[in-house]
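A.B. asks: could you look at this predicted model? Sequence included:
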Amino acid sequence: MYAAITPGLYPLHRCKTLHLVRHAQGVHNVAAEKDPAAYLSEQYFDAQLTPLGWKQVDNLRKHVLETGLSKKVDLVTVSTSLRTMQTAVGVFGGDEYKDGMDVLPLVVANAGESDRPGNSSLNCPPFVAVELCRERLGVHPCDRRRSISEYQSLFHAIDFSLASALSQFSISTMADCKNFCCVFPVQIKSEDDVLWVAGTPEKKEDVVARGMQFLNWLRTRKEKEIAVVSHGGFLYHTLSAFGHDCHPSMKTEICKDFANCELRSVVLVDRSMMGKDPATSNYPGQIPCGLDLPSDVAAEKLSDEGNAN
């Protein structure tokens, strides 16, 4: 029972801070508020952000700058969807891109009919597109992605190559995941979206399993503070696997729905010793090594030696 739970202590180098963000308002969100059936319309395939969504992005960007979070984030992972990438680069990207800059634009101007200037890739963390944190598959056309080359033509400095490397992340690394159902086929095998199959909705437990696979992959990363820009359904189903061993109010705090462009920070703890990062802030103490016992232990040791004599 949660009443018997005591505070937990974990080595700092076994912990990562995740800054979870749901994408800003998309055109599909607005349409579905009027008629939920709009989610099934091909009109909203890979939906882009609304003008209000871009205002939400600007507000969140201001927040991460004012709080200093923008300087702490080491990596931005983002779902392979137009609206999540628009949100990610708008919030965590560099300043406006200008011609003649000696860096790639993170995103080109007017990407996704946005009427927005491009963002520079200067002075911002690296961005990696990851298939694992996509929205639930096979239900809504707005969750089907475009071809990788289309995205690359818009988001020049987002790394789309890592997803194929994730195919080496084997099932053996997730033996401790109780909710694991299957290994998500993360390798991009086609320019087009071969994972989203109309009329074949992804099971909720498989979304949870995919989320756990994603978190397990994040545990192996060297970065300590990682932004994850994803989707409301994916985040809700993934986080629903947590909080069962804590007070119900904390479970509610962890698992509640995300609003558009909401940011929520959590700590990911590696309790499996899967991560390999050494402790950077720990200090070994007495050097050179020698007898340095706590006073109560030393007293017992002296007493034992006296009895032996």
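C.D. replies: Yes, it's here. Here the structure is a predicted model, which means the values were calculated and not measured. Numbers count the residues shown, from 1 in each chain.
A.B. asks: what ranges does the stretch 51-200 of the chain have for its strands?
C.D. replies: For the stretch 51-200 of the chain, the strands defined by DSSP state E, counting those that start in this stretch cover 75-79, 105-107, 119-120, 127-130, 158-159.
A.B. asks: most tightly packed of those?
C.D. replies: strand 105-107 (a mean of 27; mean count of other CB atoms under 10 Å). From N, CA and C alone the C-beta is placed, and that goes for glycine too.
A.B. asks: mind putting the strands of the stretch 51-200 of the chain in JSON lines, mean pLDDT and distance to residue 56 included?
C.D. replies: Listed next are the strands of the stretch 51-200 of the chain as JSON lines, based on pLDDT from 0 to 100; distance: least, CB to CB, whole Å:
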{"stretch": "strand 75-79", "mean pLDDT": "97", "distance to residue 56": "16"}
{"stretch": "strand 105-107", "mean pLDDT": "92", "distance to residue 56": "17"}
{"stretch": "strand 119-120", "mean pLDDT": "90", "distance to residue 56": "16"}
{"stretch": "strand 127-130", "mean pLDDT": "94", "distance to residue 56": "19"}
{"stretch": "strand 158-159", "mean pLDDT": "94", "distance to residue 56": "20"}
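A.B. asks: would you reformat the ones you listed as a markdown table and include distance to residue 251?
C.D. replies: Listed next are the strands of the stretch 51-200 of the chain as a markdown table, based on distance: least, CB to CB, whole Å:
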| stretch | distance to residue 251 |
| --- | --- |
| strand 75-79 | 25 |
| strand 105-107 | 37 |
| strand 119-120 | 37 |
| strand 127-130 | 26 |
| strand 158-159 | 34 |
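A.B. asks: closest to residue 98 out of these?
C.D. replies: strand 119-120 (7.7 Å; CB to CB).
A.B. asks: how far out from the middle of the chain is that closest one?
C.D. replies: Computed by CA atoms, centre = their mean, to the nearest Å, the chain-centroid distance of strand 119-120 equals 22 Å.
A.B. asks: then stretch 243-254?
C.D. replies: Chain-centre distance of stretch 243-254: 20 Å, with CA atoms, centre = their mean.
A.B. asks: got it, and stretch 255-270?
C.D. replies: 9 Å.
A.B. asks: buried ones in that stretch?
C.D. replies: Neighbour-count burial for stretch 255-270 flags 255, 258, 260-264, 268, 270 (criterion: 16 or more other CB atoms under 10 Å).
A.B. asks: kindly check the end-to-end length of that stretch for me.
C.D. replies: Its first and final residues considered, stretch 255-270 spans 20 Å by CA to CA, to the nearest Å.
A.B. asks: for it, the averaged confidence score.
C.D. replies: Mean pLDDT, stretch 255-270: 94.
A.B. asks: specify the local secondary structure of the spatially most central residue of the chain.
C.D. replies: The centroid of the chain falls nearest to residue 228 when counting by CA atoms, centre = their mean (2.8 Å). Residue 228 falls in the strand class when you classify it by DSSP: H, G, I helix; E, B strand; the rest coil.
A.B. asks: cool, and residue 18?
C.D. replies: Following three-state DSSP, residue 18 is assigned to strand.
A.B. asks: tell me the bridge partners for it.
C.D. replies: Note on residue 18: beta-bridge partners by DSSP bridges are residue 226, residue 266.
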